[in-house]
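*Asks:* next one to model:
(chains A and B)
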Amino acid sequence: MARISVKVDGASYSDDVEPRMLLVHYLRERLGKVGTVVGCDTSNCGACTVHLDGRSVKSCNVLAVQADGHEVTTIEGISSGEELHPVQEAFRECHALQCGYCTPGMIMQAIDLLNENPSPSEEGIRHGLEGNLCRCTGYHNIVKAVQKAAGSDLEGAQQ
Amino acid sequence: MTVTEPTTEKREIGAARRRKEDQRLITGRTRWTDNIQLPGMLHVAMVRSPFAHARIVAIDTAEAEQAPNVVAVLTGAQVAGEQGGLITAWPVTPDQKTPDHPPIAVDRVTFAGEVVAVVVARSAAEARDAAELVDVEYDELPAVLTLEEAEQDTVHAHPDLGTNKSATWVLDSAQQGSGGDVDEAIEEARRNGVVIEREYRQQRLIPAFMEPRSFVCDPTGEQITLWSATQVPHIVRFALAATTGVPESKIRVIAPDVGGGFGGKLQITPEEWIVFLAARRLGRPVKYTETRSESLVSGHHGRDQVQRLTLAATKDGRVTGLKVELLADLGSYAALVGGGVPVLGAWMFNSIYKFDSYRFTTHNYYTNKTWVDAYRGAGRPEATYAIERLMTELAAELDVDPIEIREKNWIKHEEFPFTTVAGMTYDSGNYEAATAKAMELFGYDELREEQRRRRESNDAVQLGIGVSTFTEMCGLAPSRILGQLNYAAGGWEHADIRMLATGKVEVITGTSPHGQGHETAWSQIVADKLGVPFEDVEVLHGDTQISHRGMDTYGSRSLVVGAEAVVRAADKVIEKAKKIAAHMLEASEDDLEFRSGRLEVRGTDKGLTIQEVAMAAFHAHDLPDGAEPSIDGSATYDPDNFSFPHGTHLCAMEVDTETGATTMRKYVCVDDIGEIINPMIVEGQVHGGLVQGIAQALWEEAVYDDSGTLVTASFVDYTLPTAADTISFQTDHTTTPATYTSLGTKGVGEAGTIASTPAVVNAIVDAVRHLGVDDIVMPCTPERVYKAIRAGAGTGDATARDASALGGDAPRDASGQAHFSPGAEENADPGSTGSEGGQQ
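*Replies:* Residues are numbered from 1 along each chain as shown, chains lettered A, B, ... in the order given. Sure thing, here's the model as predicted:
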């Protein structure tokens, strides 16, 4: 067991974890942050994408111990109260989700993408989301949602 | 129904309402099965067979049992008497051969990935660690791995059945009186017309829903509760009761948030049965969540057919006959729909066309591979692919435009209702209108012109245009027809509407959405029908304790069957409310009319809202004699017919003739799905469907190696398209309302997938046809395209197919047409050669 201290969605946690425990399992099983999900075993699908110190990571590809002393933001931590993050709002507005399973990862990746490049081209969006799989939407409306969010104010809502 | 129709205002129906479902899904407040944690919950790990076919000699569980925190290790032999079995709902013929399917294999494994033992431990990690310690001794048996081997029938997937053939199912237009004799038509065409003979391969696909399957069973209540990531909670409950001996009333199945299905969760699964068994045996809650690799290996696969096709036509391009002979791979077991999937194609090979004669035969075979069942479209994409490829080949043979050949053969809009050569009555449609609109949006003539220019300039990158004019049968289904087809269940759907005292409305549906947006669409429908605010409608589903009757969600049936039940339940609410309102208003029932949520006395300003009547029924202080104190409505609806959406899809592909790389340039589709409840949701269904169909054409294939191991058992190897692989689409609609549904809807869930695959392949072949290519085996990877071009270039004639097919293909006659003979080697199973995975 290893002792870790992590800040997740603004709250501080201190836990003993097995060294082999993945960050995504720590989030889901220990902290109850079940908004972040697992979709594959090979870090292809991106469903588990969260932010580690503000940059997107696939949390199935990070050990919980690697998050020690760092700050994690999940899908559950990006809206402020009732007010949705602009990317969340754009996903709803553009019908960029159907079953919703890939959505948390997709939104977290989209936020990272827009942080990197606030006004990406369609091609830039498509390449920026290449590491996140969606089986429902055919990506058409996800691309539209990111375009829409790019046109709206991302300041303030982003932690 | 007539109660509401004349006065119902359309306010919500047709509006692009943002979805009610989304608020939770975009904020992570979700209820996936794997989220569930219960006190004392145990976790299951599966021990799976590495062999495709083997006898289980012995299983040593001692070491696993001693591992930390292991509670139990179960083998098939231990639980053979109590584990129940997995049943097929559709034995397609009375003499279908169906092997027993125990959840945990008892003495023999029949595919690589089959469960042979189960470890239950306090944590999932400990269960998995201990599963590694279970020592299974196998005696390997010869395995049947391709349809070709299955057809030869020398090695058997199930030795005790004595044959690999499950069943042969035939539909013959001459026999059933819906058309002429196809053999005569073909003979006539050989003398005086054109005969196109082809063999197409529908590669094996994997549904690959994003949420891995997960099951939690809690046996501690009076009812045993099973949470399941399923499309079919009602069917699961029925089948559990039917096969385990537990009374149906003691089983509660809940499908909470379910992350996609596409047919892949239309199944009763070994893992579900195992969790149910383990929980009952141990008396504690048990959870199992599959890994992605387990999902790809053991969740059912889709498609996997060899299609031998003969199309007969006159010299001016009128089709006189179509003969279809399928070999369908069921995998090692008959799944829930199983042998019925290829049968569903029987009414669809003739598609939108008026053929004189038709014969459809499917030979269903068992192999030692993962079982095969419904995958988005189920039987209809396979049929549509075949006929849309054939019609394009006929056009090429006659040197006419592929749209012209379709127009010559399709049912004209004034000819509806039209009974097809397969015996199906299409109620409505307008293929001319959809095609005209699609061509205009596409810029068909301009793209043809560009294609001509590129050909003339010998451009390295050639342009191809693919046409797919499709129809499908949606809305499974009239129970009467299902009964005639030997299907073990009905096709009705149920709905309840509860009018709450506070004016809110609960709608209970027997459909079980997993991404389709029923909560939003059903709310729109009820809001209009009852004149209540959209926000006041709550749609409940997916829990057999709440939604006690249902047939669940698949086959584009939810809107055309499930929502029709909702409409009828709403009619009953109004009928009951009318009685009470008449009493309250001291008016005759006949003088009341229902308008925008109010029951009004005609010609006066007197009236009551339906919510006021609901409150009066709740108080029940002053009701008319004999009236029950409730205006709740229930309805179970059984449709009279299927519905027949259709559409025209046009695809432009660029093919780099030097590398074989393909790029989608443009994709336009105009679908006629009847009336639209929510255009935003419809567009989403079409987009997603398109990409799944395009993925079959270009990228996806379940590949087995020579020993029967699935080598595409992760997302590294089973290549789902990403955002970077796809383009934005142009979608539009024409509307011919369905005549069998009160809402005029036809269903949309599968349309995109059914139509797009042939559009893409037709486009690729069209780009390189002048180089001597007339077919490329799916998925059309750059390697296959490149090889086809190289093989075609030498001859200048259409012989590239021989090379593009991985194995031998049939010889061609002097005219360049491909032929096959009954003894000819089949279009080789791409899955039989591990080296040619077809993945990029």
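
*Asks:* just the mean pLDDT for the helix or strand hosting B:Leu277, thanks.
*Replies:* If you go by DSSP states H and E, B:Leu277 is part of helix B:270-282. For helix B:270-282, mean pLDDT rounds to 98.

*Asks:* restrict it to CA atoms and write it as CSV.
*Replies:* C-alpha atoms of helix B:270-282 as CSV (Å, rounded to 0.1, in the frame of the first residue of the first chain):
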residue,chain,number,x,y,z
PRO,B,270,-23.7,-16.6,-20.3
GLU,B,271,-22.2,-13.9,-18.0
GLU,B,272,-25.7,-12.7,-17.0
TRP,B,273,-26.8,-16.2,-16.1
ILE,B,274,-23.5,-16.8,-14.2
VAL,B,275,-23.9,-13.7,-12.1
PHE,B,276,-27.5,-14.8,-11.3
LEU,B,277,-26.3,-18.3,-10.4
ALA,B,278,-23.4,-17.1,-8.3
ALA,B,279,-25.5,-14.6,-6.3
ARG,B,280,-28.2,-17.2,-5.6
ARG,B,281,-25.7,-19.9,-4.6
LEU,B,282,-23.7,-17.6,-2.3
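
*Asks:* centroid-nearest residue for the chain?
*Replies:* You didn't pick a chain, so chain A it is. The residue lying closest to the centre of chain A (CA atoms, centre = their mean) is A:Met108, at 2.9 Å.

*Asks:* chain B is the one I meant
*Replies:* B:Arg376 (2.8 Å).

*Asks:* surely it touches B:Glu750?
*Replies:* Yes. If you go by CB atoms under 8 Å, B:Arg376 and B:Glu750 touch, sitting 5.4 Å apart. Where C-beta positions appear, they are placed from N, C-alpha and C, glycine not excepted.

*Asks:* the residue nearest to the centre of chain A should be in a helix, yeah?
*Replies:* Yes. Counting by DSSP: H, G, I helix; E, B strand; the rest coil, A:Met108 falls inside a helix.

*Asks:* once you drop chain neighbours, what's closest to it?
*Replies:* A:Thr49 (4.4 Å; CB to CB, 6 or more residues apart in numbering or on different chains).

*Asks:* where does chain A get nearest to chain B, residue-wise?
*Replies:* A:Gly35 (2.0 Å; CB to the nearest CB).

*Asks:* so that residue sits in a strand?
*Replies:* No. Assessed with three-state DSSP, A:Gly35 is coil; it does not lie in a strand.

*Asks:* mind listing what it touches?
*Replies:* Neighbouring residues of A:Gly35 by CB atoms under 8 Å, 6 or more residues apart in numbering or on different chains: A:74-76, A:104, B:27-30.

*Asks:* could you flag which of those residues are buried?
*Replies:* Among the contacts of A:Gly35, those scoring as buried are A:74-76, A:104, B:27-28, B:30 (criterion: 16 or more other CB atoms under 10 Å in any protein chain shown).

*Asks:* can I get those residues in a markdown table with secondary structure and distance to B:Arg602?
*Replies:* Shown next, in a markdown table, are the buried ones among the contacts of A:Gly35 (DSSP: H, G, I helix; E, B strand; the rest coil; distance: CB to CB, whole Å):
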| residue | secondary structure | distance to B:Arg602 |
| --- | --- | --- |
| A:Thr74 | coil | 58 |
| A:Ile75 | helix | 54 |
| A:Glu76 | helix | 54 |
| A:Pro104 | helix | 54 |
| B:Thr27 | helix | 48 |
| B:Gly28 | coil | 52 |
| B:Thr30 | coil | 49 |
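
*Asks:* ok, of those, which one's closest to B:Gln462?
*Replies:* A:Pro104 (42.1 Å; CB to CB).

*Asks:* turn the buried ones among the contacts of A:Gly35 into TSV, including pLDDT.
*Replies:* Putting the buried ones among the contacts of A:Gly35 into TSV (pLDDT from 0 to 100) gives the following:
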residue	pLDDT
A:Thr74	98
A:Ile75	98
A:Glu76	98
A:Pro104	98
B:Thr27	97
B:Gly28	97
B:Thr30	97
